[in-house]
Each structure stands twice: as C-alpha cells, then as structure tokens.
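> sharing a model prediction with you, sequence too.
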Amino acid sequence: MIEFEQSESAAGTVIGMERIHVSVRTKPLSQDDAKTSPWRISGNSIAIPNLTKFEFDQIFSDNCSTAEVYEARTKEIVEAAVRGFNGTVFAYGQTNSGKTYTMRGSEAEPGVIPLSIHDFQKASEKPFKFNPIDEKNVWIHFFMHTYRGNVLFHKLESTYVLKDVDREFLLRMSYMEIYNEEINDLLAPEHRKLQIHENLERGIYVAGLREEIVASPEQVLNLMEFGESHRHIGETNMNLYSSRSHTIFRMIIESKDRSEDEESGSSCDAVRVSVLNLVDLAGSERAAKTGAEGVRLKEGSHINKSLMTLGTVIKKLSEGAESQGGHVPYRDSKLTRILQPSLGGNAKTAIICNITLAQIHTDETKSSLQFASRALRVTNCAQVNEVSSDPFPLFILTDAALLKRQKKEIEDLRAKLMGSHSEHLEKEILSLRNTLLQTELERERIALELEEEKKAQAEWEKRVKEQAKKIENLSSMVLFSNRDESREHIKR
Ligand code: ADP
Ligand code: MG
C-alpha cells in the first residue's frame, strides 16, 4: 500500500516509487572461451548449473546491439528526464567487460550516451502530454484522490494532466571524471581537484564544474570529444588510467511552459529542472588482482574506495537501511556523494552490468552479478522537480533554475533584437546565455577559492598567534629561571 507521507514530503510533485532497473550485458566470447564457459543463460536468469543462479530484469546476450540495451530502459529514463525526473544510468563491471563500449560506443555502434543525446533532441522538440489513463501515472490518480477539493488538485490537474504542453527547453552539459578520489573537469582540463559542496538551493554539487549550454547533438558530441582528448595528460598507460577512473556525463534539463510567458503577470512560471547522469564506472576488479604497488596501489585502493563504497551503499539500501533511518555511507567516497540523489533517492536509475562469460573470469563475473542482484532490491522515489516563483508555492521556492535567473537579461535582449531574423535572434540568445552562465560559474569558483584562501589565512594567523604565545611563555620562563638563578647566586 502506498504511504501517504511519500506524497506529502514534496507537495505538488508527482511521485513514484520504483526499483532500480538492473540488466546484464555479456560480451562476445572467442570460440575457445565459448566452449569452456561455465555459465548458462535462460531468459532473464544466468547460472552456473548446481552452483549459483541470478535473475535480473533483463539479460542481453552477446548478439544484442547497444540500441537494444538502450531501448530496454535508458530510453524511458531519458524521456522522463525531459519531463522533469532525475535519471541515472551506470555501467558496472570489470575492466574489459564492455562498459565504455556500452556507454560511449563507437561510430559503428553508438553507445548509450550518443543515443540519449539524439533522443533528447527529439523529445524536447515535440510537445508532450501527461495522460491520466496511463498506467505509469497511477501516482497522479492517487495524488489527485488524496487532495481532491484542495488547491493542490487544481494545480496538479492543470500542470500535469490535462494540458498538452508546449515547453521551452534549455539543455546544458558537464563532463567530469573521478580519478584517485579527485574530481577533474573534462570540459575545463585546467580545473582539477574540484570540491563537492551542498546547499539548500542546489543540493549536492561539484563547485566550479564547467557547464555548457548546448543546442544540438553535434555540439554535445564535440564537447565530449574535447573532454576525452584532454583526459590523459601525461599518462603513459591509457588503458590502466581509464580502467581506474569513473566518468560522469551529465545533462541538466530545464523547461517551462511557453504559454505562461504570454499570460502577462502570470504568477506561476514554474521551471522544471532535472539531471541525467550517464556513468562509466572504473573497473570493478579487486585491487589485489591488479598487483598494485606504490602509486598504483594508491590509485587501485582509491578506486576500490569509490567502488567499495558504492557496493556498501547499495548493500545498505537493499537492506532497507535508509527507510529505517539507518546510516548509509554516501559521504565515504566522491562517487557516492555526487550520485547520492540517484541512489535510493529522487531519480529513476538503471544499472547495466557488463560481464564476460569466459571461465578465467568466473570469480569476477560472480562478484559483479552479486553487486547487480543487490541493486535489484533498491527502491527509488522519483518526482518531477519544479521551481516556482508562485507567492504561495506548491514547490520549494528556489533560485536554482537558470531559465529563471536569466529571464530578465533574455527578455531585454529579445526586445532589443525584435524584428531581426529569428535564427539570428536564437543564436544571439544562446550565446548570451552561455556567456552569462560562464560568468556565473567563474564567479562561483573564484568566490569558493577566496573562501578557501580566507580559511587558510585564518588558520595561518591562528598558528602565528599560538607560536608567539609559546615564544612569550618560553621567554618568561627563561627570564624567571635567570632571575631565580641570580637570586641564588646573591644569596650564596
Ligand atoms: P571496459 O570499458 O569495461 O574496460 P571496453 O568497453 O573498453 O571495456 O571493451 C573492451 C573491448 O571489448 C573493446 O575492444 C570493445 O570494443 C570490445 N567489446 C566490448 N563489448 C563488446 C560487444 N558487445 N561487442 C563487440 N565488442 C565489444
Ligand atoms: Mg572503459
């Protein structure tokens, strides 16, 4: 039975409880490996006969295309992201199991990221409609029943259900990696070791991370390529490097109802803000197996730290720790901290577990499947994120939406350029938006740096004072002992 608090916790939002979707993708085997493989797949279960058996939402055998993997669940998550739901898709598995093949892919077989980018374009171009008969929106029914007669009912009805909405979209992207528990900005390679911050307005965020407003799939792909090409500065062993780093590709989607612009004095110009994370994790093999030493050990153990924490977080969530008020150690690693809202939080989440069925990797494959099957038991609670300036907001009043922050500047520019060619106008607006965004992000980064410097300065001043005090104490001790000595001397 649906719990009432779940709706109440975010008044005015459409809420749905759903499990993390977990699928498994197997990599093609050589003929020899295929002959000796101990694994058997039947439907959605995979087993070593008489030894171990796992069941998942879906298992893709080696002849399945990435497009099929994408269609199974990620496509829905992308479409939901366009409607205002947060979404996250992870590729998990040991090095060489096909994570990057699945997420990034190649020109011949595009991965989940390029497929999503193209669907974004399509989904944000067509007006969309929430259909009250749709089974997936059963929560809307529940919510409407609960609040029938109340103002919430009217709001929901007009916002989500009955209107065919024409919306204005603003998409931006960021691309980061976590290597050695350090967050590096792949879109601004000079920004390294970024810090995670949290505040009421933005929630958990990576401070100073570059965001680019994007207007076409090509632009996104070019930026990704730029990020990739700057990833391994000074690295001699690229394979080792990429197997030890996590990359998070992120799209931030904002949208608002176009018709509300036309209703002058409209008090309800709610903006939906959602985030889609597409994550290519580091190899899940144990550090012991990599024979790590020295710096390598540090890297290995850090990756272990992030992946181990991810494992622990998933385990705790699967045991219901969060709903029972227990501790979930999100803060123990950068990865879990950044993705906290996606793990057992406000997001639609899918895990694609990449495995190889070769006999030599049986142990690793088994441990990947164990991780994946724990994830099956994690439930998320996704809701549409809406930001409003309503004087009686149903949603939390915040300044988080860029569409809102830039509203005045964009209106001014529109007025100035009125009458000029529309293509030109849109280009100008986009460019102004990006300039404003970059200035804002740069200001934020400098403010944070200043804050850090101030802290360091205060710390330094404190230490100088302490040292001065120590010196003072020492000198007075010396002075006293000298005085005592000379008194003794006179006495004698
Ligand atoms: P990972 O990112 O997990 O370390 P990769 O995605 O780099 O692994 O894959 C390792 C190798 O296997 C690559 O050469 C890749 O092209 C190949 N590969 C992985 N999955 C498939 C697949 N489904 N079909 C064909 N080749 C694959
Ligand atoms: Mg890889």
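Arrived safely, thanks for sending. Numbering: from 1, shown residues only. Ligands and ions are numbered 1, 2, ... in the order given.

> may I ask which helix or strand encompasses the residue of the chain found nearest ligand 2?
At 3.2 Å from ligand 2, Thr100 is the closest residue in the chain, using CB to the ion. C-betas here are computed from N, CA, C, even on glycine. In this assignment (DSSP states H and E), Thr100 forms part of helix 99-103.

> what's the first helix or strand after that helix?
helix 112-125.

> what mean pLDDT does that next one have?
Averaging pLDDT along helix 112-125 gives 84.

> where does the stretch 1-150 of the chain have low pLDDT?
Applying pLDDT under 70 to the stretch 1-150 of the chain flags residues 1-16, 124-150.

> what does it put close to ligand 2?
99-100 (CB under 5 Å from the ion).

> could you pull out the strands in the stretch 1-150 of the chain for me?
15-19, 21-26, 40-42, 45-48, 52-55, 58-60, 87-92, 128-129 (DSSP state E, counting those that start in this stretch).

> so what does the longest helix belonging to the chain touch, helix or strand wise?
In the chain, assigned by DSSP state H, the helix with the most residues is helix 422-491. With contacts defined as 3 or more CB pairs under 8 Å, 6 or more residues apart in numbering; DSSP states H and E, the packing partners of helix 422-491 are strand 212-214, helix 402-405, helix 407-417.

> the longest one versus helix 422-491: what angle between them?
Right, the one you point to is helix 407-417. 140 degrees (axes from the mean of the first three to the mean of the last three CA atoms, to 10 degrees).

> just the buried residues of helix 407-417, please?
407, 410, 413, 417 (16 or more other CB atoms under 10 Å).

> what comes into contact with it?
Here helix 407-417 makes contact (CB atoms under 8 Å, 6 or more residues apart in numbering) with 269, 424-425, 428-429, 432-433, 436.

> could you flag which of those residues are buried?
Looks like those have 269, 425, 429, 432-433, 436 buried, using 16+ other CB under 10 Å.

> and the helix or strand harbouring Val279, how far from the chain's centre?
Mapping Val279 onto the secondary structure by DSSP H and E places it in strand 271-280. On the basis of CA atoms, centre = their mean, to the nearest Å, strand 271-280 sits 7 Å off its chain's mean C-alpha point.

> returning to what we had before: now, the most widely separated pair of the buried ones among the contacts of helix 407-417?
Asp269 and Leu425 (20.8 Å; CB to CB).

> just checking, Ser242 is part of a helix?
Yes: Ser242 sits within a helix when classified using DSSP: H, G, I helix; E, B strand; the rest coil.

> number of nearby residues for it?
Residues contacting Ser242 under the criterion other CB atoms under 10 Å number 22.

> now do Glu322
Neighbours of Glu322 using other CB under 10 Å come to 18.

> next, it: phi, psi?
phi -70, psi -50 (degrees, to the nearest 10).

> for my notes, please list the buried residues of helix 407-417 in CSV and give pLDDT for each entry.
CSV is the format used below for the buried residues of helix 407-417 (pLDDT from 0 to 100):
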residue, pLDDT
Lys407, 74
Ile410, 74
Leu413, 75
Leu417, 72
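
> from those residues, pick the one nearest ligand 1.
For the buried residues of helix 407-417, the residue nearest ligand 1 by CB to the nearest ligand atom is Ile410; the value is 40.6 Å.

> re the thing from before, what mean pLDDT would you report for the longest helix of the chain?
84.

> how far is that helix from where the chain is centred?
33 Å.

> buried stuff in stretch 216-233?
Here stretch 216-233 shows 217, 219-221, 223-224, 226-227, 231-232 as buried, counting by 16+ other CB under 10 Å.

> show me which of those is closest to Ser30.
His232 (28.6 Å).

> returning to that earlier point: let me have the buried ones among the contacts of helix 407-417 in CSV, extended by distance to Glu461.
Putting the buried ones among the contacts of helix 407-417 into CSV (distance: CB to CB, whole Å) gives the following:
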residue, distance to Glu461
Asp269, 47
Leu425, 53
Ile429, 47
Leu432, 43
Arg433, 42
Leu436, 37
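
> turn these into JSON lines, columns for distance to ligand 1.
Output for the buried ones among the contacts of helix 407-417, formatted as JSON lines (distance: CB to the nearest ligand atom, whole Å):
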{"residue": "Asp269", "distance to ligand 1": "43"}
{"residue": "Leu425", "distance to ligand 1": "43"}
{"residue": "Ile429", "distance to ligand 1": "39"}
{"residue": "Leu432", "distance to ligand 1": "39"}
{"residue": "Arg433", "distance to ligand 1": "34"}
{"residue": "Leu436", "distance to ligand 1": "37"}
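
> could those residues go into JSON lines alongside distance to ligand 2?
Formatted as JSON lines, the buried ones among the contacts of helix 407-417 follow (distance: CB to the ion, whole Å):
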{"residue": "Asp269", "distance to ligand 2": "42"}
{"residue": "Leu425", "distance to ligand 2": "42"}
{"residue": "Ile429", "distance to ligand 2": "38"}
{"residue": "Leu432", "distance to ligand 2": "37"}
{"residue": "Arg433", "distance to ligand 2": "33"}
{"residue": "Leu436", "distance to ligand 2": "35"}
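
> thinking again about what came up before, tabulate the helices and strands packed on helix 422-491 (a markdown table), appending distance to ligand 2.
Shown next, in a markdown table, are the helices and strands packed on helix 422-491 (distance: least, CB to the ion, whole Å):
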| stretch | distance to ligand 2 |
| --- | --- |
| strand 212-214 | 24 |
| helix 402-405 | 32 |
| helix 407-417 | 40 |
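
> what would these look like in a markdown table with distance to ligand 1?
A markdown table is the format used below for the helices and strands packed on helix 422-491 (distance: least, CB to the nearest ligand atom, whole Å):
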| stretch | distance to ligand 1 |
| --- | --- |
| strand 212-214 | 25 |
| helix 402-405 | 33 |
| helix 407-417 | 41 |
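
> make CSV out of the ones you listed and add distance to Val275.
Shown next, in CSV, are those (distance: least, CB to CB, whole Å):
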stretch, distance to Val275
strand 212-214, 14
helix 402-405, 13
helix 407-417, 21
